[in-house]
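*Asks:* Sequence first, then the predicted structure:
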Amino acid sequence: MKIGLTGTMSVGKTTLVNALRADFHFAHYQTATERSKYLMNMGIPLNTDSTLKGQFVFLAERSAELMMSRVLTDRTIWDVCAFTALAQSIPDHQKYDFEHAAMYLKDEYDLVIYVSPEGVSIENNGVRETNSDYRDQIDYQIQNLLERYPPKNLLKISGSTENRVKMIIDHIYNKT
């Protein structure tokens, strides 16, 4: 399966991927997690300063992940498009074209897991934006994109990491 977690920043996506990686169900999965610090060190602007070229780098990463047969990643094309939509330096017509091109990949995901920010405080990792209004705007954009471009299999989760892991495993392996 190709499993992607989507959600605004600082909701525990990377923590969740790391927790799932430790579970035997996901032992044979390749995982892809937080790369923002690496990209920032390469000079790629992040968050509100993002550029069209930078967003193409992020989209290329998502595309490369989708070439793996079993992958569990803490980012999806919906995340990339949400950040693109709110990037101040990208003209609207380029945002529109970018979004439509990215969504050609949506059916490559076997499962998309939306991670709710409900009850999760913003953690400052030195890279991500810590503005709560911006976090809410990204969350709104992601939810809007999921509605406009629904994945073939969507699971919405919230709660503690342990509860989230259980919800995912139940959804994948304990379907009735």
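*Replies:* Cool, the structure landed. Keep in mind that this is a model prediction, so the values were computed, not measured.
*Asks:* For this structure, which element, helix or strand, carries the lowest mean pLDDT?
*Replies:* helix 36-41 (a mean of 58; mean pLDDT, DSSP states H and E).
*Asks:* As a check, name the ranges of all strands in this structure.
*Replies:* Here the chain has its strands, by DSSP state E, at 2-6, 30-32, 71-73, 111-115, 154-157.
*Asks:* I'd like the ones you listed written out as a markdown table, with distance to A64 and mean neighbour count added.
*Replies:* In short, each C-beta sits where N, CA and C put it, glycine included. A markdown table is the format used below for the strands of the chain (distance: least, C-beta to C-beta, whole Å; neighbours: other C-beta atoms under 10 Å):
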| stretch | distance to A64 | mean neighbour count |
| --- | --- | --- |
| strand 2-6 | 12 | 25 |
| strand 30-32 | 9 | 17 |
| strand 71-73 | 10 | 23 |
| strand 111-115 | 17 | 22 |
| strand 154-157 | 22 | 16 |
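*Asks:* quick one: the residue nearest in space to the middle of the chain from G4, how far?
*Replies:* Nearest to the geometric centre of the chain sits R75, at 2.7 Å (C-alpha atoms, centre = their mean). The gap separating R75 from G4 is 7 Å, by C-beta to C-beta, to the nearest Å.
*Asks:* what is in contact with these two at once?
*Replies:* R62 (C-beta atoms under 8 Å, 6 or more residues apart in numbering).
*Asks:* What separation do you get for A27 and D170?
*Replies:* 18 Å.
*Asks:* Which one's more surrounded, those two?
*Replies:* Comparing A27 with D170 by other C-beta atoms under 10 Å, the one with more neighbours is D170, at 12 against 9.
*Asks:* Where does the prediction get shaky in the protein?
*Replies:* Applying pLDDT under 70 to the chain flags the ranges 34-49, 121-130, 175-176.
*Asks:* Run through the neighbouring helices and strands of the longest helix seen in it.
*Replies:* Ranked by residue count under DSSP state H, the longest helix found in the chain is helix 132-148. When contacts are defined as 3 or more C-beta pairs under 8 Å, 6 or more residues apart in numbering; DSSP states H and E, helix 132-148 packs onto helix 77-86, strand 111-115.
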